[in-house]
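Colleague: Task: produce atomic coordinates for the following.
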Amino acid sequence: MNLNKAFLSLLLLLIVQIPSSWAQSQKIPEKSQLVRIDSLNIKRNWRTRDRIILEELEFTAGETVSLETINRSMDKVWNTGNFATVRYSIDTLEDGRHMMSLVARDVFTIYPILSINGNRQDYKIGLGMVDENFLGRNIKLSFRAGFASTGNDWDFNILIPRQLLYKNMTLEFGNRFGYRVYSRIEDREVQHITPFDLLEVYGKIGNPWHKDYEYAFSPNLGWRYFRHEINSSLLDPEELQIPHPADYTHKGLLISLSESVGTVNRKRHRKDGYNAGISTGFGFGLDKQSPYFQTLGLSAQYHRSLNRIFQLSSTFSTSYTTSNVPSLQFYRGASSIRGYRTGEISGKSVYSVYLGLHMTYFSKTWLALEHAVYVNWGNGANKYLDLYRTRQLASVGTSFRFMIPMVPFIYAQFSFTYSGPGSNWFDFKF
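Modeller: This is a model prediction of the structure:
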């Protein structure tokens, strides 16, 4: 407890004493200054189409705009995730007109997936191929195969961005299939196990009236057709002795609405800003064996870049479902609270909190090193209020991440976490 108090006191001291410097890389005059942009010139943009960049700008050539508007536009270009460098300059030509030159250096966004995450007890190996800027139009196209301690799956996904659609609308489609073997774990021991085959077809429509830096009511609509079938053949002889569900097949259609407020700006691996969201789902059974259910989720994140080195990050998420079907309940682990196996956080309701101090020791186009110290806590239960009444799960840890910003899919992260005796203390991502 004393360690946690000291850590939180250090974070508060940093917030008070270190000024924020999440600003444009070049020194600029007052934000309220107005300037007329007579012409635009995009440079070093070797893959992304000019249209994608122009759609993110809040002005066009010939308009008089404030420097605040220009900088906000630069943030939106950064947020596409396609660039290692974004900067601009405004030059006065001989005839007195102003020309804005925008330099946007593309990162490599076509890459194979070869990832390893976890340790001997709880691991996941990912294989596949991703293009996060398909045809230079910011379309995200991916195929992923996952081989994990909790089951294998295959996932095809395509996301069509707002730059190609009406206003801020986005469209997403996907198909996932495979199998899962989820466990309910208490005191490091498996109490219940749920093996099932799964098939999912899903999609999402992002509302076109969404705004990045100004709230407007604009819920997103999602859907997911799913088929879960209990498959006891996935269990080995020892696991068959563990309580597991009787055979069932559950078919349903989940219609969801989600809404959020706030924007998190991203520059390479650094983040700044906040976002809070709420989602609700209505699950309709497609046969007599599949009962109706509802879901509710809340999430929030806050990141503050204190200066070029320090970044404070915090996240909160919680979910609840009315479903009594085991395969439709929640099974969380290291992805929510590092140091725990998938299933140690499980039930009809879950929640998790993360608080970390991230330190970027250097960040160049071809090499960056980030170090983080963090605390996690949370819980899982069938009754929501029991999440906070029963013993909480917690962990403390540190991680090191080596990255190549120009080639963002090349990185390695080592995490060392302690969550009590027998904890899953080492985690590796590549």
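
Colleague: so Q301 sits in a helix?
Modeller: No: per DSSP: H, G, I helix; E, B strand; the rest coil, Q301 lies outside any helix segment and is strand.

Colleague: Which residue, other than its chain neighbours, is closest to it?
Modeller: T315 (4.5 Å; CB to CB, 6 or more residues apart in numbering). For every residue, glycine as well, the C-beta is placed using N, CA and C.

Colleague: Tell me what the nearest residue to G174 once chain neighbours are set aside is bridged to.
Modeller: Distances taken as CB to CB, 6+ apart place N157 nearest to G174, at 4.0 Å, with adjacent residues excluded. On the basis of DSSP bridges, N157 is bridged to S142, G174.

Colleague: For N157, give me its contacts.
Modeller: K140, L141, S142, F143, R144, E172, F173, G174, N175 (CB atoms under 8 Å, 6 or more residues apart in numbering).

Colleague: Quick check: pLDDT value at the nearest residue to A148 once chain neighbours are set aside.
Modeller: Distances taken as CB to CB, 6+ apart put K124 closest to A148, at 3.9 Å, once the chain neighbours are dropped. Each residue has a pLDDT score; the one for K124 is 89.

Colleague: picking up where we left off before, and the contacts of N157, which are buried?
Modeller: Listed as buried from these are K140, L141, S142, R144, E172, G174; burial here means 16 or more other CB atoms under 10 Å.

Colleague: if I read this right, the last one contacts G203, doesn't it?
Modeller: Yes: the pair G174 and G203 passes the contact test of CB atoms under 8 Å, sitting 6.9 Å apart.

Colleague: could you say what helices and strands the helix or strand encompassing R227 packs with?
Modeller: Element membership of R227, judged by DSSP states H and E, is strand 220-230. Helices and strands touching strand 220-230, by 3 or more CB pairs under 8 Å, 6 or more residues apart in numbering; DSSP states H and E, are strand 189-206, strand 249-261.

Colleague: now the ones you listed as a markdown table including mean pLDDT and distance to L328?
Modeller: Shown next, in a markdown table, are those (pLDDT from 0 to 100; distance: least, CB to CB, whole Å):
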| stretch | mean pLDDT | distance to L328 |
| --- | --- | --- |
| strand 189-206 | 97 | 10 |
| strand 249-261 | 96 | 7 |
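
Colleague: Can you tell me how far the residue nearest to G174 is from N82?
Modeller: 18 Å (CB to CB, to the nearest Å).

Colleague: What separation do you get for the spatially closest residue to D50 that is not a sequence neighbour and S101?
Modeller: Sequence neighbours aside, I42 is the residue nearest to D50 in space, at 5.3 Å (criterion: CB to CB, 6+ apart). I42 sits 8 Å away from S101 when distances are taken as CB to CB.

Colleague: How about the contacts made by the residue nearest to A148?
Modeller: Residues near K124 by CB under 8 Å, 6+ apart: S115, I116, N117, G118, G146, F147, A148, S149, T150.

Colleague: can you tell me the helix or strand for it?
Modeller: Element membership of K124, judged by DSSP H and E, is strand 123-134.

Colleague: pLDDT below threshold where in the chain?
Modeller: Low-confidence segments of the chain (pLDDT under 70): 1-32, 422-425.

Colleague: how is it carved up into domains?
Modeller: Domain assignment of the chain by automatic domain parsing yields the ranges 31-106, 110-429.

Colleague: List the beta-bridge partners for the residue lying closest to N45 once chain neighbours are set aside.
Modeller: Excluding the flanking residues, the one nearest N45 by CB to CB, 6+ apart is A104, at 5.0 Å. A104 has the following beta-bridge partners by DSSP bridges: V86.

Colleague: Look up how far V35 lies from H98.
Modeller: 6 Å.

Colleague: And I205, by the same measure?
Modeller: Distance, I205 to V35, by CB to CB: 37 Å.

Colleague: And for I345?
Modeller: As judged by CB to CB, I345 and V35 stand 52 Å apart.

Colleague: out of these two, which sits in the more crowded spot?
Modeller: Set I345 next to V35 and count neighbours by other CB atoms under 10 Å: I345 wins out with 25 against 17.

Colleague: My read is that that one contacts R332, right?
Modeller: Yes: I345 is in contact with R332 according to CB under 8 Å; the separation is 3.9 Å.

Colleague: shared neighbours of the two, anything?
Modeller: Shared contacts of I345 and R332 (CB under 8 Å, 6+ apart): S352, G378, G380.

Colleague: Output stretch 290-297 in CSV with nothing but the alpha carbons.
Modeller: The C-alpha trace of stretch 290-297 is given here as CSV (Å, rounded to 0.1, in the frame of the first residue of the first chain):
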residue,chain,number,x,y,z
SER,A,290,-31.1,-19.2,-27.6
PRO,A,291,-32.6,-16.7,-25.0
TYR,A,292,-32.7,-12.9,-25.3
PHE,A,293,-30.0,-11.0,-23.4
GLN,A,294,-28.6,-7.5,-23.0
THR,A,295,-25.1,-6.0,-22.5
LEU,A,296,-23.8,-2.8,-21.2
GLY,A,297,-20.2,-1.4,-21.4
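
Colleague: Touching that stretch from outside, list them.
Modeller: Contacts for stretch 290-297 (CB under 8 Å, 6+ apart): 250-252, 254, 256, 277-285, 317-325, 328.

Colleague: list the buried ones in that stretch?
Modeller: For stretch 290-297, the buried set under the neighbour-count rule, 16+ other CB under 10 Å, comprises S290, F293, T295, G297.

Colleague: overlap in contacts of H98 and V35?
Modeller: Here H98 and V35 have I90 as joint contacts, going by CB under 8 Å, 6+ apart.

Colleague: What does S327 show for phi and psi?
Modeller: Dihedral angles of S327 (phi, psi; degrees, to the nearest 10) stand at phi -70, psi -10.

Colleague: now swap in H269 and tell me
Modeller: Note on H269: its backbone torsions stand at phi -90, psi 0 [degrees, to the nearest 10].
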